[in-house]
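Asks: Any chance you could fold what I've pasted below:
(2 chains)
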Protein chains: 2
Amino acid sequence: MEPGTARIAVDLLGGDDAPAVVVDGALRAVRADPDLHLLLVGPSEVADALIAALDPAQRSRITVRPVRAAVGMADHPSAARAESTVRAAVTAIREGTADAMVSAGSTGATVTAAALSLGRWPEVRRPALVASLPAVAGPVVLLDVGGSLEPRPATLVRHAVLGAAYAAVAHAVAAPRVGLLSVGVEAGKGDRVRRAADPVLASEPLPCEARYVGLVEGYDVSVGARADVVVTDGFTGNVLLKAIEGAYEMAGGPPAGGGAPRAAALLGVAGTVVVCHGSAGADDVASGIALAAHLWRRRVTDAVAALLSGSAPADHDRTTDEVATP
Amino acid sequence: MEPGTARIAVDLLGGDDAPAVVVDGALRAVRADPDLHLLLVGPSEVADALIAALDPAQRSRITVRPVRAAVGMADHPSAARAESTVRAAVTAIREGTADAMVSAGSTGATVTAAALSLGRWPEVRRPALVASLPAVAGPVVLLDVGGSLEPRPATLVRHAVLGAAYAAVAHAVAAPRVGLLSVGVEAGKGDRVRRAADPVLASEPLPCEARYVGLVEGYDVSVGARADVVVTDGFTGNVLLKAIEGAYEMAGGPPAGGGAPRAAALLGVAGTVVVCHGSAGADDVASGIALAAHLWRRRVTDAVAALLSGSAPADHDRTTDEVATP
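Replies: Residues are numbered from 1 along each chain as shown, chains lettered A, B, ... in the order given. Presented below is the predicted three-dimensional model:
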C-alpha cells in the first residue's frame, strides 16, 4: 500500500444490497488502511450505525455527510434516493472535501453525475470505465467495461490512448502493449468497427512508449501475455468481465492471482471516481475503496489527464511522494 | 451416445496445427465410436498415415477423398490449400457421400463454402454458429459465436428463433428460456441494437414453447440458470467464448461439468456442419466429430429447419430412430 492520507467519499445508498453491504465494506476498508479517511454520504442513521461499530481511533477517520433529500424521498424508489447520494459524493470531490469517491449504484447515474459536476477531459466524449484483471504476466487493463456502449472507431482509438496511460501510471507498466479485441489475430478479422479502428491504431501515437500489437482475442483478456491493455467497446467489455467472473465461480473460485475485478476506475472526468458492481458484496466495496485510495495516492487521474494533454509530468513517482504532505 | 451410423467428412487441412492434430483427433473419434465412418478429405499421404495407425476393423470405416488440387498447390499458402479441402468436404454432404462435415479451418471459409454448396435456409441471411456451454442447470446454448459479426436487431431476433429450436432438438430442453445478452437485466439496458431488439423479442413467437425472459448478463452465459439460450451477435459471442475458455485455463482447468466448447454447429445451411476452433487440439477435433455425429443422429439440422418453416415434425425422437436404417 502506498503511503499518504486518502479521503474517500462513499455512496451509502448505491448498489443492489445497499446500505448493508456498503456499510460492511466501509468498515473493512477503514480497519485495513490506517491512512484512510471516509466521508459517508447518505442517511445519518445508516452512517451512525457504521460509526458505532468502530473504536475511537477509527471513528476519528469518519465524517458523515447526511443527504437531506433522502428523508423526504423515503417513498421514492431506491434508485432515485441513491442518485442524490451519488451527486452529493461527487460534489464532495469538487468542493475538496473528498479526494475520490466510490459508488456501487447505477453506472450510468455515476458517470453522468461525475461528468456534469467534475467536468470531462477536453478530448473525451464519453468517460470510460477501466478494469484491471490479474493475468499470468501482470495485470491486463480492459476498457471500456460499460462507460459508453456504442462502438465507434474513434472511441476505440481514444480508449487505446487512455488505457496505455493508465497502465503506465496505475500499474507502472513500462512501454505497455496495446491490443484491440477482435475475433482473431490476423489483420482484417472482426466487425466493421474493428476493421476500421485497426489501421488507425497502427499509426496512432500512444503515450508512455506504448505500442499497438494489433488484434487480440478473448483469451488475451483472461490469460493475458499478449497485451497489457485490451481495448474494446463498453458493451463487449462489460459482458466479457461478467462472463469471466461467472467462469471463475463455475471453476470453484478465482485463480491464486485474483479473479475478475468488481470495481472499475472512471477515466475522462476531472476527479477520481470508482464504480463498483451493482451486486457488489462487502469485500467488493472494500476493494473499490482501496482502488480509489490507490488511484488517489498515485494521482492517477491527474497524471493520465496530463499525458493526454501532452504535458506529461516528467516523473510520476514524484506525484506519489507528494501525497505524504497533504 | 445415440445409435446409428454417422458418416462424417473431415477436413484434414483445416486448423492452425493441421494436419497433425486433425489426424490425431480423427483417430480418437473413430476408436471411440464404433458406428462412426470417416471420409478423410485431404492429401492421400496424410490420410494413409492415419489409416496405417488403425486396426483392420477400424480401417474399414475410413474412406479417403484425395484433394487433387492440393498437389499442384504445394507452394500456395496453407489457407488456400485448406479452402479446397473445406469445399470438397461440403461437396461430400451435397453428393450424399457424407452425412456431416467438420473443419477446424477458417470459420469464414467454411460458412461461405457451406452456404454456397448446400444453400441457406430461406429466412436466414447469414448462418449462425451455435455453441453449447455446460452450466449449473444444463447446457446454455450461445449464439452467434462468429457466423455473422455485425449486430442487427433482426439478426438477434432470428438467433432467438434458431437457438430455441436448437435447444429443444439438440439438448431436449422443454420450453427453452431465451435471454438477450446485455449489460444489465433491467429493460432499457444495453446499446442501441439491444434496446431495439428487446421489445421485438418480447412479442416474437418462438418455436418449441420457448419463452423470452428478457435481458441477461455475462454470468448467465458461464453460470447459466437464468436462460437456456443466450442470444448475441457473433462478435460478442466469439470473444466471450474465448474469454471463458481463458478463465478456465487461469483457474487450473475446466469445471467438473466441462469447459467452454471448442466446436460449434452451423445453423442456417441445408446440411450438418461443425466448425472447430482454429487452434483446436486433437481432443477438440475428436469432440467436433462427436458433435457432428450427435447432430446427424438426432437430425438436428433438418428438425430445426422444419421448425423454422412452421412444418415441425410431430415427434423429434422418430427422426433419431430412423438413423439405424440408412
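
Asks: When you work out contacts or count neighbours from here on, use the C-alpha atoms and nothing else.
Replies: Will do.

Asks: A strand includes residue A:63, no?
Replies: Yes - under DSSP: H, G, I helix; E, B strand; the rest coil, residue A:63 sits within a strand.

Asks: Show me where chain A has its strands.
Replies: A:6-11, A:36-42, A:62-66, A:100-103, A:128-135, A:138-143, A:177-181, A:211-216, A:229-231, A:263-267, A:272-276 (DSSP state E).

Asks: Residue numbers of the stretch 1-150 of chain A in contact with chain B?
Replies: A:135-136, A:146, A:149-150 (CA under 8 Å from any CA of the partner chain).

Asks: what residues go with each domain of chain A?
Replies: A:1-122+A:268-298+A:314-326, A:125-261 (automatic domain parsing).

Asks: Give me the distance between the longest one and the centre of its chain.
Replies: Okay, so that is domain A:1-122+A:268-298+A:314-326. Centre-to-centre, domain A:1-122+A:268-298+A:314-326 and its host chain are 12 Å apart (CA atoms, centre = their mean, to the nearest Å).

Asks: Next: the last one.
Replies: When distances are taken as CA atoms, centre = their mean, domain A:125-261 is centred 14 Å away from the chain's centroid.

Asks: May I ask which two of the residues of the stretch 1-150 of chain A next to chain B are separated the most?
Replies: A:136 and A:150 (30.2 Å; CA to CA).

Asks: And these two? Which one has more around it.
Replies: A side-by-side neighbour count of residue A:136 and residue A:150, using other CA atoms under 10 Å in any protein chain shown, places residue A:150 first with 16 against 13.

Asks: Now do the contacts for that one.
Replies: Applying CA atoms under 8 Å, 6 or more residues apart in numbering or on different chains, one finds that residue A:150 lies in contact with A:233-235, B:191-192.

Asks: With residue B:195 as the reference, measure out to it.
Replies: The spacing between residue A:150 and residue B:195, counted by CA to CA, to the nearest Å, is 12 Å.

Asks: Check residue A:214 too.
Replies: On the measure of CA to CA, residue A:214 and residue B:195 end up 31 Å apart.

Asks: same thing with residue A:160?
Replies: Distance from residue A:160 to residue B:195, by CA to CA: 27 Å.

Asks: what does residue A:231 give?
Replies: 23 Å.

Asks: Compare these two (neighbour count), which wins?
Replies: residue A:231 (32 against 16).

Asks: in the sheet, who's paired with the more buried one?
Replies: Beta bridges link residue A:231 to residue A:143, residue A:180 when assigned by DSSP bridges.

Asks: pLDDT at it, what is it?
Replies: With respect to pLDDT, residue A:231 has a value of 98.

Asks: check contacts around it.
Replies: By CA under 8 Å, 6+ apart, the neighbours of residue A:231 are A:142-144, A:156, A:159-160, A:163, A:178-181.

Asks: Could you rerun that using 7 Å?
Replies: The neighbourhood of residue A:231, defined by CA atoms under 7 Å, 6 or more residues apart in numbering or on different chains, consists of A:142-144, A:156, A:159-160, A:179-181.

Asks: Distance of it relative to chain B?
Replies: 12 Å (CA to the nearest CA, to the nearest Å).

Asks: Give me the number of neighbouring residues for the residue of the stretch 1-150 of chain A found nearest chain B.
Replies: Nearest residue of the stretch 1-150 of chain A to chain B, counting by CA to the nearest CA: residue A:149, 5.3 Å away. If you count neighbours by other CA under 10 Å, residue A:149 ends up with 22.

Asks: again with residue A:32
Replies: 12.

Asks: Tell me how far it lies from residue A:46.
Replies: 21 Å.

Asks: Same check on residue A:9?
Replies: Residue A:9 is 15 Å from residue A:46, by CA to CA.

Asks: Compare the two (neighbour count), which wins?
Replies: Counted by other CA under 10 Å, residue A:9 and residue A:46 do not tie: residue A:9 has more neighbours, with 32 against 19.

Asks: shouldn't that one be in contact with residue A:103?
Replies: No - assessed by CA atoms under 7 Å, residue A:9 is found out of contact with residue A:103, at 8.7 Å.

Asks: thought residue A:120 was touching residue A:270?
Replies: Yes - judged on CA under 7 Å, residue A:120 makes contact with residue A:270 at a distance of 6.1 Å.

Asks: How many residues are close by the spatially closest residue to residue A:189 that is not a sequence neighbour?
Replies: Closest residue to residue A:189 apart from its sequence neighbours, by CA to CA, 6 or more residues apart in numbering or on different chains: residue A:183 at 6.2 Å. Look at residue A:183: counted by other CA under 10 Å, it has 26 neighbours.

Asks: need the contact list for residue A:183.
Replies: When contacts are taken as CA under 7 Å, 6+ apart, residue A:183 is in contact with A:189-190, A:217, B:235, B:238-239.

Asks: Listing request: residues of the stretch 201-326 of chain A with sub-threshold pLDDT.
Replies: Along the stretch 201-326 of chain A, segments meeting pLDDT under 70 span A:310-326.

Asks: Which parts of it are helices?
Replies: For the stretch 201-326 of chain A, the helices defined by DSSP state H, counting those that start in this stretch occupy A:219-222, A:234-250, A:282-297, A:300-308, A:316-321.

Asks: Next, the angle from the longest one to strand B:211-216.
Replies: So the one you mean is helix A:234-250. Per axes from the mean of the first three to the mean of the last three CA atoms, to 10 degrees, the angle that helix A:234-250 makes with strand B:211-216 is 100 degrees.

Asks: Return the list of helices and strands in contact with helix A:234-250.
Replies: Judged by 3 or more CA pairs under 7 Å, 6 or more residues apart in numbering or on different chains; DSSP states H and E, helix A:234-250 is in contact with helix B:219-222, helix B:234-250.
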